[in-house]
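**Student:** the following comprises the amino acid sequence and a computationally predicted model.
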2 protein chains.
Amino acid sequence: MTPTRTTKLERGRGALGPALELVHTGRAPTRAVLTAELGVTRATAGAVAAELEALGLITVDSRPAVAAGSQGRPSHRLSVDPGGPVVLAAQVHADGFRAALVGLGGRIVATVPGAVTVEADPAQVLTEVVGAGAGLLRETGRRCLGAGLAVPSAVAEPEGTALNPLHLAWPPGAPVREIFTRCLAEAGVTGPSGEAPATGFAANDVNLIALAEHRHGAGRGARDLLCVATGHRGVGGALVLDGRLHTGSSGLALEVGHLTVDPDGRPCHCGGRGCLDVETDPLAFLEAAGREPGPETGLLKRALELLRTEYATDPAVRDAAHLLIDRLGLGLAGLVNILDPDRIILGGLHRALLEADAERLRSVIAERSLWGRSGKVPVLACELDYSGLVGAAELAWQPVLDDPMTAARG
Amino acid sequence: MTPTRTTKLERGRGALGPALELVHTGRAPTRAVLTAELGVTRATAGAVAAELEALGLITVDSRPAVAAGSQGRPSHRLSVDPGGPVVLAAQVHADGFRAALVGLGGRIVATVPGAVTVEADPAQVLTEVVGAGAGLLRETGRRCLGAGLAVPSAVAEPEGTALNPLHLAWPPGAPVREIFTRCLAEAGVTGPSGEAPATGFAANDVNLIALAEHRHGAGRGARDLLCVATGHRGVGGALVLDGRLHTGSSGLALEVGHLTVDPDGRPCHCGGRGCLDVETDPLAFLEAAGREPGPETGLLKRALELLRTEYATDPAVRDAAHLLIDRLGLGLAGLVNILDPDRIILGGLHRALLEADAERLRSVIAERSLWGRSGKVPVLACELDYSGLVGAAELAWQPVLDDPMTAARG
DNA sequence: CCGCTTTGTTCGTGGTGGATACAAAGCCAG
DNA sequence: CTGGCTTTGTATCCACCACGAACAAAGCGG
């Protein structure tokens, strides 16, 4: 009889999730590092790595890469399996959408843009989106373990409804997660089990930018990461605490747009005056620079273009940028006082403002935050392409990271 | 030979901490409930309860209490051991201090107030404080497992320094935790091991109020608890996330005092105008009511007294209260938009304002927070006596809750 | 080629908690 | 009062996971 004893492959379940997360985020390039990061013995790390390899999630390469230079036996290299399973990720925005297949490590395997008519309702849009994603799955033949969606709206939890879908002809309160999940089922997209139809995840795009940057971009290693970004209109925020998105008790945390940054500023629909939302978004910049803002769509692109090309030459543009930097700094200082992050990353127009005059922004923050504390808070630019998309993928990967054994067994 | 097999008492280490926390917070009155809450089998829960009893932390009473009414075998009652070990807790404030011995469950076993001269430096004050606590320990003969201190100041982590000790003649940046620990060592106060000198914990008093209320008071069961409270001057905030204090990356989170709540308000030392800090504290109330504020110490008491006695009779007092309620509501709405708590509790003057006109406060919050969400956020009054003291004790109990086996073995 | 260092692997062990069967302690119906 | 019924506590066995120790492997340098 063959022995029925537990095989080595079945060992190491408990540390499986943390180990996969370390490889996924690039913090465990070798098995030796994995051993140290997990705080386990070499034996355990070996079993865990072998199991993840058997699940088809990572590859273990025993050949030394570049002769690390240190003495002793070279450690096996760990990396995400480039041919492993993927998740379906999608981002919807005012101008259309983009669907993608994303592997572990935030690698975009395949991606395709799409357009939708402005008047399309959520079901129409998401059918298109999921159709595009399913097309990519067919073309590539990859195994799919889940699906995530980024929307330009606050998403209420646990309902999964989009409360204020900006610039989309969606009814406020549309149950996007439910619709997304239904579209996935209709398209036959598989989920964590590998077979059952996928449960869709959906979240606000800025939240997902923060998540992606935390794991694969400018936020790596931060414990309390604050992300602030603009789209075409308005300002969004997100906070990652201890590696997890902080969405608050109903998913609506970090609505940072209505901090007062100019007591004499213009009125805001929220009832206040001089809110961050209306004082530091692309529209505010274009108006402050004395330009004709033009149509709603493309506001962000035009603002970025103006800042890039004429900041150095046109005093009106420079003054407008400085005005926005000052107001943004005030808002960020307020957030520093409340949240005390150890890193801030900026996206959209705010990122461009940071790059235009980082010193000015940092000094405003330092000046208006208590005890000069934030003088020490690094303020960085988002660095990932398609971070919303990658963040949506992170959402879908999460069940696999939490329990690789049951979520990824094939 | 006696068998060297593992005894039952040595089992169940992993679930020990969560189990103690459940009994400590009153969420596990019986062993059956403990089983359900822990999500383990009855066997495991039994082993865990037996171990905690053997450690002298809880008592297991097999006699049915009041005939629960339901059928089936009555479950053993679990409770904190009233004769068990204690921690030394102390709170320093403008008028003096209070030292206490606090058992599990937030029970104050013994307490004594103390006075200090206004000019006393931290070492003098804490020597007095620890002396008073050590006296209580001698009188009662209780075993001491740690010590915690509440101070009316932001406390920077990980340094443990008091940045802005209000109304105390302490130098900003005083290393209170270090001084506290030294005083404990000099007084021979024992710590978690039961023998080694205790490491002192110190934190901001509002943070500790939030922690205490979360575990034993109005915040029980909340997942994201926001606490806002006034002392004599200024406004403090605190946030408890998933049962843990959120102090931010450097301990300085929830400095909520400088949210703008009145664009036309008075200037604040922070550089802004109309900050929550200067618009809703006791001094602001007394001035708004047209009263002579008088000396710094006792401001809170006089404000509370005025509100209690003349709110119903003096229109000036009522108008002042309404003004402060409106401003407080604006500030709380801002915090709701950023933090999305599922409960808010108010202390000090803010608590009294809530009790004066809860409806007005709730409607202001609902009006100025996005999507009417906060209309559903309960706003409650702090309900514990000496919550700062109890919170300081929670800080000291934490190592025991995290690992009862090593922290409490006698 | 032989030490030296570091890494991977095999094998045994221990502690943790699950499953099961059984005993105990209450209520209720007869 | 006695025999179901229900729920809780307990004893025993066992699966699992990670640790420790010993050994093998793979590089470097003399």
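**Tutor:** Cool, the structure landed.
**Student:** going by C-alpha atoms from here, please, whenever you check contacts or count neighbours.
**Tutor:** Will do.
**Student:** can you pull the buried residues of the helix or strand containing residue A:389?
**Tutor:** Assessed by DSSP states H and E, residue A:389 sits inside helix A:387-402. For helix A:387-402, burial by neighbour count (16 or more other CA atoms under 10 Å in any protein chain shown) applies to A:387-402.
**Student:** from the contact counts, what lies against the helix or strand of chain A with the lowest mean pLDDT?
**Tutor:** When the helices and strands of chain A are scored by mean pLDDT, DSSP states H and E, helix A:404-408 comes last with a mean of 90. Contacts defined by 3 or more CA pairs under 8 Å, 6 or more residues apart in numbering or on different chains; DSSP states H and E place helix A:404-408 against helix A:16-24, helix A:387-402.
**Student:** near DNA strand C at all, the first one?
**Tutor:** No: judged by CA under 7 Å from any atom of the strand, helix A:16-24 makes no contact with DNA strand C; its nearest approach is 13.6 Å.
**Student:** in chain A, which spans are strands?
**Tutor:** A:58-61, A:77-80, A:86-93, A:96-102, A:108-114, A:144-151, A:155-156, A:161-162, A:200-204, A:224-230, A:235-241, A:244-245, A:343-347, A:379-381 (DSSP state E).
**Student:** and for the second one, what are the contacting residues?
**Tutor:** This points to strand A:77-80. By CA atoms under 8 Å, 6 or more residues apart in numbering or on different chains, the list of residues contacting strand A:77-80 from outside reads A:23-24, A:28-31, A:57-65, A:104-105.
**Student:** now these: which count as buried?
**Tutor:** A:23, A:24, A:28, A:29, A:30, A:31, A:57, A:58, A:59, A:60, A:104, A:105.
**Student:** got these as JSON lines, with distance to DNA strand D and pLDDT columns?
**Tutor:** Output for those, formatted as JSON lines (distance: CA to the nearest atom of the strand, whole Å; pLDDT from 0 to 100):
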{"residue": "A:23", "distance to DNA strand D": "16", "pLDDT": "98"}
{"residue": "A:24", "distance to DNA strand D": "18", "pLDDT": "98"}
{"residue": "A:28", "distance to DNA strand D": "16", "pLDDT": "97"}
{"residue": "A:29", "distance to DNA strand D": "16", "pLDDT": "96"}
{"residue": "A:30", "distance to DNA strand D": "14", "pLDDT": "95"}
{"residue": "A:31", "distance to DNA strand D": "13", "pLDDT": "96"}
{"residue": "A:57", "distance to DNA strand D": "17", "pLDDT": "97"}
{"residue": "A:58", "distance to DNA strand D": "17", "pLDDT": "97"}
{"residue": "A:59", "distance to DNA strand D": "17", "pLDDT": "97"}
{"residue": "A:60", "distance to DNA strand D": "14", "pLDDT": "96"}
{"residue": "A:104", "distance to DNA strand D": "21", "pLDDT": "98"}
{"residue": "A:105", "distance to DNA strand D": "22", "pLDDT": "98"}
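**Student:** pick out the most distant pair among those.
**Tutor:** A:31 and A:104 (17.6 Å; CA to CA).
**Student:** contacts only, for the closest residue to DNA strand D within the stretch 51-200 of chain A.
**Tutor:** Here the residue of the stretch 51-200 of chain A nearest DNA strand D is residue A:73; by CA to the nearest atom of the strand that distance is 3.5 Å. Contacts for residue A:73 (CA under 8 Å, 6+ apart) come out as none.
**Student:** my guess is residue A:280 contacts residue A:328, does it?
**Tutor:** Yes: counting by CA atoms under 8 Å, residue A:280 touches residue A:328, with 6.4 Å between them.
**Student:** separation between residue A:54 and residue A:241?
**Tutor:** Residue A:54 sits at a distance of 32 Å from residue A:241 (criterion: CA to CA, to the nearest Å).
**Student:** re earlier: just the mean pLDDT for the helix holding residue A:389, thanks.
**Tutor:** Taken as a whole, helix A:387-402 carries a mean pLDDT of 97.
**Student:** kindly report the same for stretch A:362-373.
**Tutor:** 86.
**Student:** then stretch A:284-304?
**Tutor:** Here the average pLDDT along stretch A:284-304 is 94.
**Student:** can you check stretch A:249-264 too?
**Tutor:** Mean pLDDT, computed over stretch A:249-264, is 94.
**Student:** contacts only, for residue A:129.
**Tutor:** A:90, A:97, A:98, A:99, A:114.
**Student:** what distance do you get for it to residue B:274?
**Tutor:** Counting by CA to CA, the gap from residue A:129 to residue B:274 is 47 Å.
**Student:** now the stretch 1-150 of chain A against chain B: closest residue?
**Tutor:** residue A:14 (13.4 Å; CA to the nearest CA).
**Student:** can you get me a residue count around that residue?
**Tutor:** Residue A:14 has 12 neighbours, counted by other CA atoms under 10 Å in any protein chain shown.
**Student:** how near is it to residue A:107?
**Tutor:** If you go by CA to CA, the gap between residue A:14 and residue A:107 works out to 26 Å.
**Student:** same check, this time on residue A:171
**Tutor:** Distance from residue A:171 to residue A:107, by CA to CA: 33 Å.
**Student:** between the two, which is the more surrounded one?
**Tutor:** Between residue A:171 and residue A:107, counting by other CA under 10 Å, residue A:107 is the more crowded of the two (16 against 13).
**Student:** what pLDDT is listed against that one?
**Tutor:** 97.
**Student:** and it, what is it in contact with?
**Tutor:** residue A:390.
**Student:** returning to what we had before: now, among the contacts of residue A:129, which is nearest to residue A:19?
**Tutor:** residue A:90 (26.6 Å).
**Student:** how far away is the residue nearest to that closest one when sequence neighbours are not counted from residue A:51?
**Tutor:** Excluding the flanking residues, the one nearest residue A:90 by CA to CA, 6 or more residues apart in numbering or on different chains is residue A:99, at 4.2 Å. Between residue A:99 and residue A:51 the distance is 31 Å, computed by CA to CA.
**Student:** which stretches of chain A aren't confidently modelled?
**Tutor:** A:1-13, A:64-69, A:372-375, A:410 (pLDDT under 70).
**Student:** pull out the buried residues from stretch A:34-43.
**Tutor:** Buried-residue list, stretch A:34-43, by 16+ other CA under 10 Å: A:34, A:35, A:38.
**Student:** which ones among the residues you listed map onto helices?
**Tutor:** A:34, A:35, A:38 (DSSP state H).
**Student:** my guess is the second one contacts residue A:41. True?
**Tutor:** Yes: using CA under 8 Å, residue A:35 makes contact with residue A:41 at a distance of 6.3 Å.
**Student:** what about the closest residue in space to residue A:317 that isn't next to it in sequence, how many residues nearby?
**Tutor:** Leaving out its chain neighbours, the residue that sits closest to residue A:317 by CA to CA, 6+ apart is residue A:289, at 4.9 Å. Residues near residue A:289, counting by other CA under 10 Å, number 22.
**Student:** pull the contacting residues for residue A:52.
**Tutor:** A:16, A:20, A:58, A:404.
**Student:** tell me how many other residues crowd the residue in the stretch 201-350 of chain A that DNA strand C sits nearest to.
**Tutor:** Nearest residue of the stretch 201-350 of chain A to DNA strand C, counting by CA to the nearest atom of the strand: residue A:221, 21.7 Å away. Residues lying near residue A:221 (other CA under 10 Å) number 17.
**Student:** so how far is residue A:344 from the spatially closest residue to it that is not a sequence neighbour?
**Tutor:** Excluding the flanking residues, the one nearest residue A:221 by CA to CA, 6+ apart is residue A:214, at 7.3 Å. Relative to residue A:344, residue A:214 is positioned 11 Å away (criterion: CA to CA).
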